[in-house]
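1. Sequence and predicted structure are below.
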Amino acid sequence: MFNDYINKDDLNDWRHLLLLYKFALDEMSTKLTILNEEFQQIHSYNPIEHIKSRIKTPRSITLKLIRKGHEVSLENAKNYIYDIAGIRVITSFTSDIYNLKDLICKQNDIKVIQIKDYIENPKPNGYRSLHLLLEIPVFLSDRVENLKVEIQLRTIAMDFWASLEHKIHYKFDKVVPSYITEQLKECAELANFLDEKMLSINEEVKKYK
Ligand code: 0O2
């Protein structure tokens, strides 16, 4: 698919672009690790359960550009695909998500481009997560490149739901029978109930410290 749209001479430029996004991802991952480890030292508590990161494949970039109606080019990939560098941060509690968001967004080398709060406003299918679209500078030998990184912040329960929903979506080639969609929506509500319950138990436990 990718090769149908990309001239062989341009392959090196694409490799270079993806390398720049890898640098952006590395920088952002380090920032998150620092926040987590410092938090652990000060409060004896890790807000982050785990972090997954990935660079979008050239195939996915190509498909997304076509889906959005753009010509497949390096410039368009940089301008219109916001999640070439993607990080998923999994937390225990919803409160951790908002604490982390505040800590990330106030770092003055980070530019906040957009915040999508699918926790306050879940998608109609039940999807919940907080998405941050950020731009960070990457210092190269001859210039500074500002690159976009998408961070998805989710609790374990939100991630459990989203992972299964994603698999089902692809299993049915995006046309999921309505009774399954309805059951998934129910599960999203149950996952949300679990998040709220766990948060309130945690608040109780904190009083004993
Ligand atoms: P993948 O394979 O996860 O990378 P945009 O990226 O902003 O141009 P969109 O769709 O408006 O396009 O962005 P949005 O809503 O921020 O969602 C982007 C990503 O969030 C998706 O990436 C998914 O990872 C996740 N996501 C959004 N909605 C859902 C959902 O209903 N279910 C699940 N499981 N994940 C969701 P991609 O590119 O679709 O795929």
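-> Received it, and whenever you're ready, just let me know what you need.

2. Distance of the residue most central in space within the chain relative to residue 97?
-> The geometric centre of the chain, computed from its C-alpha atoms, lies nearest to residue 152 (CA atoms, centre = their mean), at 2.7 Å. Summarising the geometry, the distance separating residue 152 from residue 97, computed by CB to CB, to the nearest Å, is 10 Å. For the C-beta atoms, the positions are set from N, CA and C on the backbone; glycine is no exception.

3. hmm, back to that, relative to whichever strand or helix holds the residue nearest to the centre of the chain, what are the paired strands and their orientations?
-> Here residue 152 sits within strand 144-155, counting by DSSP states H and E. Strand 144-155 has these partner strands in its sheet, going by DSSP bridges: strand 85-91 (parallel), strand 130-139 (antiparallel).

4. Adding mean pLDDT, mean neighbour count and distance to the ligand as columns, could you present the ones you listed in JSON lines?
-> Below are the strands paired with strand 144-155 laid out as JSON lines (pLDDT from 0 to 100; neighbours: other CB atoms under 10 Å; distance: least, CB to the nearest ligand atom, whole Å):
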{"stretch": "strand 85-91", "mean pLDDT": "98", "mean neighbour count": "23", "distance to the ligand": "6"}
{"stretch": "strand 130-139", "mean pLDDT": "97", "mean neighbour count": "18", "distance to the ligand": "5"}
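
5. Output those strands in a markdown table; the columns should cover distance to residue 204.
-> What follows is those, written out as a markdown table (distance: least, CB to CB, whole Å):
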| stretch | distance to residue 204 |
| --- | --- |
| strand 85-91 | 19 |
| strand 130-139 | 25 |
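
6. where does the chain dip in pLDDT?
-> Residue ranges of the chain with pLDDT under 70: 1-6, 8-9, 209.

7. Please list the residues of it that sit near the ligand.
-> Within the chain, the positions lying close to the ligand (CB under 6 Å from any ligand atom) are 82-83, 116, 123, 125, 127, 131, 162, 165-166.

8. What about the residues you listed, which are in strands?
-> 116, 131 (DSSP state E).

9. Quick check: longest helix in this protein by residues?
-> Longest helix in the chain, counting residues (DSSP state H): helix 11-43.

10. Next, the angle from that helix to strand 144-155.
-> In this structure, helix 11-43 runs at an angle of 50 degrees to strand 144-155, with axes from the mean of the first three to the mean of the last three CA atoms, to 10 degrees as the basis.

11. how much distance is there from helix 11-43 to the middle of the chain?
-> The gap between the average C-alpha position of helix 11-43 and the chain average comes to 13 Å, counting by CA atoms, centre = their mean, to the nearest Å.

12. And stretch 116-132, end to end?
-> The first and final residues of stretch 116-132 sit 7 Å from each other (CA to CA, to the nearest Å).

13. cool, and stretch 35-55?
-> Counting by CA to CA, you get 22 Å between the two ends of stretch 35-55.

14. what distance separates that stretch from the centre of its chain?
-> Stretch 35-55 sits 15 Å away from the centroid of its parent chain (CA atoms, centre = their mean).

15. neighbouring contacts of that stretch?
-> Under the contact criterion CB atoms under 8 Å, 6 or more residues apart in numbering, stretch 35-55 has outside partners 18, 21-22, 25, 29, 32-33, 84-92, 96, 99-100, 103-104, 156.

16. 6 Å - rerun?
-> Taking contacts as CB atoms under 6 Å, 6 or more residues apart in numbering, the residues outside stretch 35-55 that touch it are 18, 21-22, 25, 29, 32, 86-92, 96, 100, 103.
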